[in-house]
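>>> need the 3D shape of this:
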Amino acid sequence: MLKTPLVYLLLIPLLSFSQNEWKLKKNENNIQIYTRAIENINFDEYKATTIIETRIDNVLAELLEAPDYTTNCEAGVSYYVKSISDSEHVFYAHKQLPWPIKDRDIITLLTVEKLSNKKIKLTLESLPNALPLKEKTIRIKTVMGYWLLEEKGAKTIVTQQLFLDPEGNLPAFVVNSLLIKGPFKTFSELKATIKQSHSSIVSQE
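Down below sits the predicted model:
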């Protein structure tokens, strides 16, 4: 289970509006983080990519792993709400923000699409009305994102692309500054979790 900030839990089909070129913002530990501005929109989108030494099924299982949703969800953790079908899953996440900024939360529908035996896409869209609103919390309504998993030999190329509107009056420069630190943390944790899990399996064998 990945414990990650809200803005990094989410995942994007190509947006229909005009976009600029990707700019590489961080390249460390075999993780690349890119951002790009979107015409007539204050908030940037990001793309993160890395290579993990494991099979595609292991990455998919980790991305879908989450504790069951409760009314007292811990901040910064993705919770599993329900399954709509074998390929459609609903998740909830809550993000605590320092006063006087209101907390944010989000409900997302994750749709798993097997493009081939070696390629899987997980597309995300917002379901803002799936759960009751919470006090002193702003519900995020606009989310577009995806994870793309591509198996190459014994390794998997993992790409995450995301755009979201945080709602309210958050300054764009604050939100955009998080688009580097957050994805890097998420990908670092993903790699470490899978490595630890794989090591445990090998040791048991």
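>>> A strand includes residue 90, no?
Yes. Counting by DSSP: H, G, I helix; E, B strand; the rest coil, residue 90 is found in a strand.
>>> quick one: the helices in the chain?
Applying DSSP state H to the chain gives helices spanning 6-9, 56-64, 172-204.
>>> helices or strands up against the last one?
In this structure, helix 172-204 packs against helix 6-9, strand 23-28, strand 31-38, strand 41-52, helix 56-64, strand 155-165, with contacts taken as 3 or more CB pairs under 8 Å, 6 or more residues apart in numbering; DSSP states H and E. In short, each C-beta sits where N, CA and C put it, glycine included.
>>> mean confidence for the last one?
Strand 155-165 shows a mean pLDDT of 92 in the predicted model.
>>> re earlier: make JSON lines out of the helices and strands packed on helix 172-204 and add mean neighbour count and distance to residue 104.
Shown next, in JSON lines, are those (neighbours: other CB atoms under 10 Å; distance: least, CB to CB, whole Å):
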{"stretch": "helix 6-9", "mean neighbour count": "25", "distance to residue 104": "6"}
{"stretch": "strand 23-28", "mean neighbour count": "12", "distance to residue 104": "23"}
{"stretch": "strand 31-38", "mean neighbour count": "19", "distance to residue 104": "20"}
{"stretch": "strand 41-52", "mean neighbour count": "19", "distance to residue 104": "13"}
{"stretch": "helix 56-64", "mean neighbour count": "17", "distance to residue 104": "21"}
{"stretch": "strand 155-165", "mean neighbour count": "21", "distance to residue 104": "9"}
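>>> compare those and say which comes out lowest on pLDDT.
In terms of average pLDDT, helix 6-9 trails the rest of the helices and strands packed on helix 172-204, at a mean of 44.
>>> returning to that earlier point: as TSV, the helices and strands packed on helix 172-204 with distance to residue 175 would be great.
Output for the helices and strands packed on helix 172-204, formatted as TSV (distance: least, CB to CB, whole Å):
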stretch	distance to residue 175
helix 6-9	8
strand 23-28	14
strand 31-38	11
strand 41-52	5
helix 56-64	23
strand 155-165	9
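>>> any weak-confidence spans in this structure?
1-19, 171-172, 198-205 (pLDDT under 70).
>>> partner strands of the longest strand anywhere in the chain, parallel or antiparallel?
Identified as the longest strand of the chain according to DSSP state E is strand 103-116. Here strand 103-116 has these sheet partners by DSSP bridges: strand 88-95 (antiparallel), strand 119-126 (antiparallel), strand 137-139 (parallel).
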